[in-house]
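Undergrad: With the input below, show me the fold.
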Amino acid sequence: MPKENFKALYNQALIDLDEVKSIDGDFFDSLPIAICELDEKGIIKRVSQSFEDLTGFLISEAVNSPINKFFSKKDRIDALLGITRDDKLLRGQNLTLITKGDKEISVNGSFGIKKDKGFIVTLVDVSSVRDIYRDMEDEAKARTRALEESRRALLNILEDTEAAKFQAEEEKKKTNAIFNNFLDGLMMLDEHKKIELINPKAEELLDLKQTDIIGLSLKELGEINEAKALVKILITKKQKKKDEVFREELKLDNKGVILEITSQPIQTGDRVDSTLIILHDITREKFIDTLKSQFVSVAAHQLRTPLSIIKWSLSMLIGGEMGEIAENHKVILEKANQTNERMIHLINDLLNVARIEEGRFIYKPTTVEFTEIIEAIIDSVMPLIEKKKIILTTELHKDIDKVVKVDIEKIRLAAKNLIDNAIRYTPEGGNIHIELVKEDGKLLFSVKDSGIGIPKEQQERVFTKFFRASNAVRMETEGTGLGLFITKNILESHGGTIWFKSQEKKGTTFFFNLPVIL
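TA: Now for the predicted structure:
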């Protein structure tokens, strides 16, 4: 290369370097948050203009001063720098900043390590955060309006294909930026169920690299150890409809993390182009649910003992074991006893729910004659059936004895919940039909009533905790809304299934099946 050309390139490089330094300085000074650059000993080497505005110290006064000079001693800045040196990054530290006028300001500080072993410290005045967020929101709204105006303008200039192409590329970059910086893990499958995209959060959660899995089918992805459990969920949960969304939980044993897996088909018109898989970390929510269940369990146990004593005492009084009592007093005591029984029933339901959520709803399976269980339940509720003048019919096949293995206490509770509900929500003079048959290699039990039915818009919530249909609440004010939740968990723990058919004002039929002994 000629010497003149080399010299020209060198001079241009010096100019470019000065320009970069100028831009860096302008950018550093224009930042809205206070920033300090420290050497490895914690001495300030550079501060932004915002640092001067926040502290009241001139830049010249701050530079070459130790950073801990500007903070309360209780903040232990040297210790924070030591932690940062080990962890590389320390965020969200609540600190007390001392201004030039000895005024204390609450700030939120973050510490990061630099390549030269120095530090970068950012400080945010907590009192001003709200104003910053408001400004950001206003700016976002303004940008949204601007984007909408741009979209309308583009519709009028579609003939300019080059401009439209440029706009599409810009939108793609924005979408990719959102996808890559999303707080949840995201995976995109194309129409052939092959991995099309995966964002950094999903890579982190699954310990996978984008370069290793892009283009793989679900079957091929399932051959990778880290993805086996996820693929099993995605394959076994086959969707019945194109627009169906499903959610399933996945526990990552190696990380102690619980994910909620959501599959969302992405449609263009009537055609499903791709599927979005969302990996949402619900570990904290699960931990809180566990704490709530433990609290309910402890509280219920503490309540059950005094309630049992009250029950025993009332029974003695009503039975005359403590002496004769007046008839009007006996009526009051019987009402108190009934209320106490309802409290005991509620406590038992709460304990069952807590055990279910903690995974302690232990079963003692025994081979049983299921017909006898149902007949015993019917005998126990006959007084109420006769009182309401309900017409009860049964079809209990005798050739199915000892074909199931169940926990007698729990399965009796499940069946009795369904029969009790049928009686409770069937008006006087109504009909109830109970059937027990063997069908398709399974034991099939059903309870059909001519009661109030379940409103269609509320049917999807039937098996959730504390749910009671609006018409049921109007008819029967008392109830916990826990019976069907408990029943569903009992049956699913036995390998069974529960479902129902219902029409408001015409009645409901609940079904459940149980696998038979082969």
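Undergrad: List the residues that contact the closest residue to residue 210 other than its chain neighbours.
TA: Ranked by CB to CB, 6 or more residues apart in numbering and with sequence neighbours excluded, the top spatial neighbour of residue 210 is residue 198, at 5.2 Å. In short, each C-beta sits where N, CA and C put it, glycine included. By CB atoms under 8 Å, 6 or more residues apart in numbering, residue 198 lies in contact with 185, 186, 187, 188, 208, 210, 213, 214.
Undergrad: Name the spans of the stretch 101-250 of the chain whose pLDDT lies under the cut-off.
TA: For the stretch 101-250 of the chain, the stretches flagged by pLDDT under 70 are 127-133, 154-164, 237-246.
Undergrad: Hmm, I typed the wrong one, I wanted the stretch 251-400 of the chain.
TA: Along the stretch 251-400 of the chain, segments meeting pLDDT under 70 span 269, 272, 293, 295-297, 301, 357-362, 398-400.
Undergrad: Helices of that one, start to end?
TA: 283-318, 327-358, 370-387 (DSSP state H, counting those that start in this stretch).
Undergrad: Mind putting the ones you listed into CSV with mean neighbour count and distance to residue 92?
TA: Formatted as CSV, these follow (neighbours: other CB atoms under 10 Å; distance: least, CB to CB, whole Å):
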stretch, mean neighbour count, distance to residue 92
helix 283-318, 14, 16
helix 327-358, 15, 32
helix 370-387, 15, 57
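Undergrad: Adding distance to residue 176, write the ones you listed out as CSV.
TA: Formatted as CSV, the helices of the stretch 251-400 of the chain follow (distance: least, CB to CB, whole Å):
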stretch, distance to residue 176
helix 283-318, 28
helix 327-358, 40
helix 370-387, 58
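Undergrad: And these: which comes nearest residue 172?
TA: helix 283-318 (33.1 Å; CB to CB).
Undergrad: Tell me the helices and strands packed up against the closest one.
TA: Judged by 3 or more CB pairs under 8 Å, 6 or more residues apart in numbering; DSSP states H and E, helix 283-318 is in contact with strand 257-268, helix 327-358.
Undergrad: the inter-axis angle of the longest one versus helix 283-318?
TA: Translated: helix 327-358. Angle of helix 327-358 versus helix 283-318, following axes from the mean of the first three to the mean of the last three CA atoms, to 10 degrees, is 160 degrees.
Undergrad: distance between helix 327-358 and the chain's centre?
TA: Relative to its parent chain, helix 327-358 has a centroid offset of 32 Å by CA atoms, centre = their mean, to the nearest Å.
Undergrad: That helix - contacts with which helices or strands?
TA: helix 283-318, helix 483-493.
Undergrad: If we ignore the residues flanking it in sequence, what's nearest the spatially most central residue of the chain?
TA: Residue closest to the average C-alpha location in the chain (CA atoms, centre = their mean): residue 282, at 5.1 Å. Nearest non-adjacent residue to residue 282, counting by CB to CB, 6+ apart: residue 260, 4.8 Å away.
Undergrad: Could you chop the chain up by domain?
TA: The chain is divided into the following domains under automatic domain parsing: 31-130, 178-281, 287-358, 366-515.
Undergrad: Tell me who's in contact with residue 135.
TA: Residue 135 touches nothing, counting by CB under 8 Å, 6+ apart.
Undergrad: swap in residue 396?
TA: Contact analysis of residue 396 by CB under 8 Å, 6+ apart lists 371, 374, 375, 434, 435, 436.
Undergrad: run the last query once more with 6 Å
TA: Contacts for residue 396 (CB atoms under 6 Å, 6 or more residues apart in numbering) come out as 371, 436.
Undergrad: beta partners of it?
TA: Beta-bridge pairing for residue 396 (DSSP bridges): residue 436.
Undergrad: Could you shift the numbering so residue one becomes 859, and keep it that way?
TA: Sounds good: first residue 859 from here, last item residue 1254.
Undergrad: what about it, distance to residue 1232?
TA: 6 Å (CB to CB, to the nearest Å).
Undergrad: Give the residues shared as contacts by these two.
TA: Residues touching both residue 1254 and residue 1232 comprise residue 1294, with contact defined as CB under 6 Å, 6+ apart.
Undergrad: quick one, strands of the stretch 859-1008 of the chain?
TA: For the stretch 859-1008 of the chain, the strands defined by DSSP state E, counting those that start in this stretch cover 892-896, 902-905, 947-956, 962-971, 977-983.
Undergrad: Of all those, which one comes closest to residue 1124?
TA: Nearest of the strands of the stretch 859-1008 of the chain to residue 1124, taken as CB to CB: strand 947-956 at 34.3 Å.
Undergrad: and the closest one, what other elements does it pack with?
TA: If contacts are counted by 3 or more CB pairs under 6 Å, 6 or more residues apart in numbering; DSSP states H and E, strand 947-956 sits against strand 962-971.
Undergrad: which residues sit in contact with the nearest residue to residue 1175 once chain neighbours are set aside?
TA: Sequence neighbours aside, residue 1191 is the residue nearest to residue 1175 in space, at 5.5 Å (criterion: CB to CB, 6+ apart). By CB under 6 Å, 6+ apart, the residues touching residue 1191 are 1172, 1175, 1176.
Undergrad: And the helices in the stretch 909-1058 of the chain?
TA: 917-920, 935-945, 984-1013, 1019-1039, 1058-1064.
Undergrad: Of the contacts of residue 1056, just say which sits nearest to residue 1334.
TA: The closest of these to residue 1334 turns out to be residue 1043 (CB to CB; 45.0 Å).
Undergrad: Could you report the separation of that closest one from residue 1143?
TA: With CB to CB as the criterion, residue 1043 and residue 1143 are 16 Å apart.
Undergrad: Good, wrapping up.
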